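S.K.: Okay, sequence plus prediction incoming.
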Amino acid sequence: MRIQEITPIVLSSKEKGSATWASLMILVKVTTSNGLVGYGEAVPTLRVKPVFSSIQQVSKGFIGKDISVERNYHEWYKQDFYLTRSFESATATSAIDIALWDILGKELGAPIHKLLGGKFRDYVPVYANGWYKGCVTPEDFAREAKAVVNKGYKGLKFDPFGPYFDWIDQRGLMEAEERVKAVREAVGDEVEIMIEHHGRFNANSSIEIAKRLEKYRPLFMEEPLHHEDLEGYRRYRANTSLKVALGERLISLKETLVYLREGIVDVLQPDLTNVGGVTIGKKVVSLAEAFDVEIAFHNAFGSIQNAVSIQLASVVPNLLLLENFYDWFPSWKRDVVFNETPVEGGRVKVPDKPGIGVGVNERLIEELKVDPIALDVVEEPVWVVNGTWRRFS
Ligand SMILES: O=C(O)C(=O)C[C@H](O)[C@H](O)CO
Ligand SMILES: [Mg+2]
């Protein structure tokens, strides 16, 4: 069985969902010489066109090869001098790797969790994200947070920082605190809240924020500083006591090691669609285990990413939580896979179907297919939940 065809597919619809960064989905369809088909997913954000063409380039390194995921990744690592420096190449390679694991599972009639040694858990605990579209005031956040808890979620994440970037002043601190306080009061003491910073701040501001928000007992502070600011993270570490989560922008095993060795991560958030698919994702998770770091997979894009993340999350001993946008996906994203991963009681039942564990709706894919397009850039950055880049006082 050889890899015969690799096709990038961009999906879009009028219904965009809660976040511009994920208003499109980029799929990769891999077909083998004996007619098996597997699907993977790549990261869209502001890079739809470059990722699409990167998949076309990376495909040249995979077509005609057997399905030997380690060897294929390594061969491409050898060819692509910039693989571990290029987000586009990393996400293209990850998407193809996911599709290859899907095919391996289909060949053997087994879900990925079986290929990896079997389930550690039958249900994966998840936390909600994407639930606060258009929320600006503390009352907005409190109302929507209650709705999340009423759906059975035991944890939720949100970014309370409005339009602040790099630094935050007293007004920004007050507004962020009011929002977090409102959510804590709305959800009660037993629901976990997680504070997303989206890598916005410098060391002085993020340290002040941590001191101010500590009393609301967040489970973790996510990307409190700019992603590459290792020196700032050291300072944050020395001056705060909250747990730090990061990892969604790490694109290789050895880049992850740098962050783990720095001792600045408590919760690692690998993203299977850019860290290197299942092949590198499972190594990253084991590396974190050796550092006694828990895993909360980043899972913010689409339904193929969601499916494969559930598979890996089901086998990982050091799993804390899996991120979940499922209930806040636009409906077309849910419909792209046959509906087998709903969240019930704050957890997802792990599917036992072959490969990534879900069927793909090929008819709908044909309907939603579009040419790769450049997204418009407006004042509100794509990486925030829509309609939240605002002050209220
Ligand atoms: O889900 C998260 O943790 C995010 O940070 C969501 C994003 O803004 C997204 O990953 C940007 O590409
Ligand atoms: Mg994040």
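M.R.: All right, it came through fine. Model, not experiment: these values are computed from the prediction. Ligands and ions are numbered 1, 2, ... in the order given.
S.K.: Can you name the residues of the protein sitting close to ligand 1?
M.R.: Counting by CB under 6 Å from any ligand atom, the residues of the chain close to ligand 1 are 21, 45, 129, 196, 198, 248, 298, 300, 323, 383. Every C-beta, even on glycine, is put in place using the N, C-alpha and C of the backbone.
S.K.: Including secondary structure, pLDDT and neighbour count, could those go into CSV?
M.R.: Shown next, in CSV, are these (DSSP: H, G, I helix; E, B strand; the rest coil; pLDDT from 0 to 100; neighbours: other CB atoms under 10 Å):
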residue, secondary structure, pLDDT, neighbour count
Trp21, helix, 88, 19
Thr45, coil, 93, 20
Asn129, coil, 98, 26
Glu196, strand, 98, 21
His198, coil, 98, 18
Glu248, coil, 98, 24
His298, coil, 98, 26
Ala300, coil, 97, 22
Glu323, strand, 98, 26
Trp383, coil, 96, 16
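S.K.: tell me which of those residues is nearest to Val337?
M.R.: Ala300 (16.2 Å; CB to CB).
S.K.: ok, Tyr216 to ligand 1 distance?
M.R.: Tyr216 is 19 Å from ligand 1, where distance means CB to the nearest ligand atom, to the nearest Å.
S.K.: In this model Val180 seems to touch that residue, though I could be wrong.
M.R.: Yes - counting by CB atoms under 8 Å, Tyr216 touches Val180, with 4.9 Å between them.
S.K.: Need the overlap of contacts for the two.
M.R.: The contact sets of Tyr216 and Val180 overlap at Ile193 (CB atoms under 8 Å, 6 or more residues apart in numbering).
S.K.: Name the residue in the two with the higher neighbour count.
M.R.: Between Tyr216 and Val180, counted using other CB atoms under 10 Å, the more crowded position is Val180 (22 against 15).
S.K.: The host helix or strand of Phe141 packs against which elements?
M.R.: Secondary structure from DSSP states H and E places Phe141 in helix 138-150. Judged by 3 or more CB pairs under 8 Å, 6 or more residues apart in numbering; DSSP states H and E, helix 138-150 is in contact with strand 155-158, helix 170-187.
S.K.: Dump these into JSON lines; add mean pLDDT as well.
M.R.: Shown next, in JSON lines, are the helices and strands packed on helix 138-150 (pLDDT from 0 to 100):
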{"stretch": "strand 155-158", "mean pLDDT": "98"}
{"stretch": "helix 170-187", "mean pLDDT": "98"}
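S.K.: And what about Tyr39, helix, strand or coil?
M.R.: strand (DSSP: H, G, I helix; E, B strand; the rest coil).
S.K.: where exactly do the strands run in the protein?
M.R.: In the chain, the strands defined using DSSP state E lie at 3-11, 25-32, 37-42, 123-128, 155-158, 192-196, 221-222, 244-246, 267-268, 294-295, 322-324, 347-349, 369-370.
S.K.: The helix holding Phe141: which residues count as buried?
M.R.: By neighbour count on 16 or more other CB atoms under 10 Å, the buried set for helix 138-150 is 138, 140-142, 144-145, 148-149.
S.K.: How many residues are close by the nearest residue to Thr388 once chain neighbours are set aside?
M.R.: Spatial nearest neighbour of Thr388, excluding adjacent residues (CB to CB, 6 or more residues apart in numbering): Cys135 at 6.0 Å. Counted with other CB under 10 Å, residues neighbouring Cys135 total 25.
S.K.: Next, the contact list for Cys135, please.
M.R.: 141, 144, 158, 179, 385, 387-388.
S.K.: Domains in this structure, by residue range?
M.R.: Following automatic domain parsing, one gets these domains for the chain: 3-109, 114-356.
S.K.: is it possible to export those to JSON lines including distance to Ala374?
M.R.: Shown next, in JSON lines, are those (distance: least, CB to CB, whole Å):
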{"stretch": "domain 3-109", "distance to Ala374": "6"}
{"stretch": "domain 114-356", "distance to Ala374": "18"}
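S.K.: how near is the residue lying closest to Pro342 once chain neighbours are set aside to ligand 1?
M.R.: Distances taken as CB to CB, 6+ apart place Tyr326 nearest to Pro342, at 6.9 Å, with adjacent residues excluded. Look at Tyr326 and ligand 1: by CB to the nearest ligand atom, they are 13 Å apart.
S.K.: Kindly report the same for Asp169.
M.R.: 23 Å.
S.K.: Check the burial of that residue by counting its neighbours.
M.R.: By other CB under 10 Å, the residues close to Asp169 number 11.
S.K.: Quick one: neighbours of the spatially closest residue to Asn318 that is not a sequence neighbour, just the number.
M.R.: Nearest residue to Asn318 in three dimensions, chain neighbours excluded: Glu289, at 4.6 Å (CB to CB, 6+ apart). Per other CB under 10 Å, the neighbour tally for Glu289 reads 15.
S.K.: for the residue nearest to Pro342, what are its contacts?
M.R.: Contacts of Tyr326 (CB under 8 Å, 6+ apart): 126, 303, 306, 334, 341-343, 348.
S.K.: next one: Ala182
M.R.: 138-139, 141-142, 145.
S.K.: Thr137 too?
M.R.: 179, 392 are the contacts of Thr137 under CB under 8 Å, 6+ apart.
S.K.: measure Leu272 to ligand 1 for me?
M.R.: For Leu272, the distance to ligand 1 - CB to the nearest ligand atom - is 13 Å.
S.K.: which one of the buried residues of helix 138-150 sits closest to Leu312?
M.R.: Nearest to Leu312, judged by CB to CB, of the buried residues of helix 138-150 is Val148 at 24.3 Å.
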